[in-house]
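Trainee: just the structure for this:
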Amino acid sequence: MTTVHRPRAGAVELRPVDTDLFRALLRRQAATVTVVTAPGPSAGRGRPLLPPAGFTATSFTSVSLEPPLVSFCLARASSSWPTIQRAEHVAVHLLAAGQQQVARTFATSGIDRFAAHPGWTVGPFGVPLVDGALAALLCRVVHRVTAGDHTIVIAEPLALGSGEDGNPLVHHRGGFSTTAGPWDALG
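Mentor: Predicted coordinates:
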């Protein structure tokens, strides 16, 4: 059993972890907003087994420079999981500050996200590519690691694309924001 000691005034108070407290604490961390897409696997003869998948993620990070590797996490209860579980290739799109609606669309459950957001094209390996992102990484999935109720997907970038330079879309305290460096504020 974990024991918690009463801290001195002004010190950090440590409490046992519960789901609500954990979620509230994680909302304090600002994270880049990405949309991850994958083609639906085929049942053969051009018939789709599953539709393409696309979802909003804030768990994207670089893993290694040599070899180049990135990762993102996805709940296995997600509607996108069956497609991502089988995908050999994915694209990770780093959203620009003005792409809040794209992030909302790809975070909405129960809709055809690609019909709701027509700003995309089919790229190499059939991977959907979202228009207007600050950057896109076309990747080959190399590992899937089970971690609690999520899976960590590790992927190797095969090709990179960058849009216009600008500020990224950031998720913080349950809402969207952006970064503004001193060069932006003074500009």
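Trainee: T105 reaches F114, doesn't it?
Mentor: No: using CB atoms under 8 Å, T105 is not in contact with F114, being 9.3 Å away. C-beta: built from backbone N, CA, C; applies to glycine.
Trainee: in the protein, which residue is closest to the centre?
Mentor: A57 (2.3 Å; CA atoms, centre = their mean).
Trainee: the protein: helices as residue ranges?
Mentor: Remark: helices assigned in the chain by DSSP state H are 19-26, 81-86, 100-107, 113-116, 182-186.
Trainee: buried residues in the fourth one?
Mentor: Along helix 113-116, these residues count as buried under the neighbour rule (16 or more other CB atoms under 10 Å): 113-114.
Trainee: what helices or strands is that helix leaning on?
Mentor: Counting contacts by 3 or more CB pairs under 8 Å, 6 or more residues apart in numbering; DSSP states H and E, helix 113-116 packs against strand 53-57, helix 100-107.
Trainee: and the contacts of it?
Mentor: Contact with helix 113-116 is made by 51-52, 54-55, 105-106, 108, 120, 128, as judged by CB atoms under 8 Å, 6 or more residues apart in numbering.
Trainee: same check, this time on stretch 156-163
Mentor: Contacts to stretch 156-163, defined as CB under 8 Å, 6+ apart, come from residues 67-70, 89, 96, 124, 129, 132-140, 142.
Trainee: can I get the helices of the chain in a markdown table including mean pLDDT?
Mentor: Putting those into a markdown table (pLDDT from 0 to 100) gives the following:
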| stretch | mean pLDDT |
| --- | --- |
| helix 19-26 | 82 |
| helix 81-86 | 95 |
| helix 100-107 | 96 |
| helix 113-116 | 95 |
| helix 182-186 | 44 |
